[in-house]
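Q: give me a model of this one.
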Amino acid sequence: MFTRRNFLTHAGVAAGGVALLSKVSTAEAEDAIQATNNNKLATDADALTAGQPGADYTPVVTPNNISLPWKLVGGVKVFHLIAEEVEHEFAPGIKAFCWGYNGHVHGPTIEAVEGDRVRIYV
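A: Model (predicted):
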């Protein structure tokens, strides 16, 4: 059962936590956020012109699979997928024909970050 005493105790703890967290200067926090945003914009612009991921980009690791290669054409990442029948071995000696993309049953990993313009040809 939730009583007034429990409510006041939890409210007091929450208020104390907020007081501790607010010790960070708002100006310092705003400066840090602005510096991060400026840095991100610069790396994103560099990434589009160079065709490479930005410095703060962490590539996706998909176990037992590959990432689909792409080309930068006019500021757009262009991917090519080929749907085809693939022989897949589920366990040693257990094989089946399945539909897949680019020779893989699960298909390759398509990597894009927020803001990327993407075109996928199937």
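
Q: how many neighbours does the residue nearest to Ile82 when sequence neighbours are not counted have?
A: Using CB to CB, 6 or more residues apart in numbering and skipping residues adjacent in sequence, the residue nearest Ile82 is Asn102, 5.5 Å away. Any C-beta I mention is one placed from the backbone N, CA and C, and that applies to glycine too. For Asn102, the neighbour count with other CB atoms under 10 Å is 16.

Q: does Asn102 really touch Leu81, like I thought?
A: Yes: applying CB atoms under 8 Å, one finds Asn102 in contact with Leu81, separated by 6.2 Å.

Q: which stretches in this protein count as strands?
A: With DSSP state E, the ranges of strands along the chain come out as 70-73, 76-80, 83-91, 94-101, 118-121.

Q: got TSV for the ones you listed, with mean neighbour count too?
A: As requested, these are exported to TSV (neighbours: other CB atoms under 10 Å):
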stretch	mean neighbour count
strand 70-73	14
strand 76-80	16
strand 83-91	11
strand 94-101	12
strand 118-121	11
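
Q: mind putting those strands into JSON lines with distance to Arg5 and mean pLDDT?
A: Conversion of the strands of the chain to JSON lines gives the following (distance: least, CB to CB, whole Å; pLDDT from 0 to 100):
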{"stretch": "strand 70-73", "distance to Arg5": "60", "mean pLDDT": "94"}
{"stretch": "strand 76-80", "distance to Arg5": "58", "mean pLDDT": "95"}
{"stretch": "strand 83-91", "distance to Arg5": "59", "mean pLDDT": "93"}
{"stretch": "strand 94-101", "distance to Arg5": "61", "mean pLDDT": "94"}
{"stretch": "strand 118-121", "distance to Arg5": "56", "mean pLDDT": "96"}
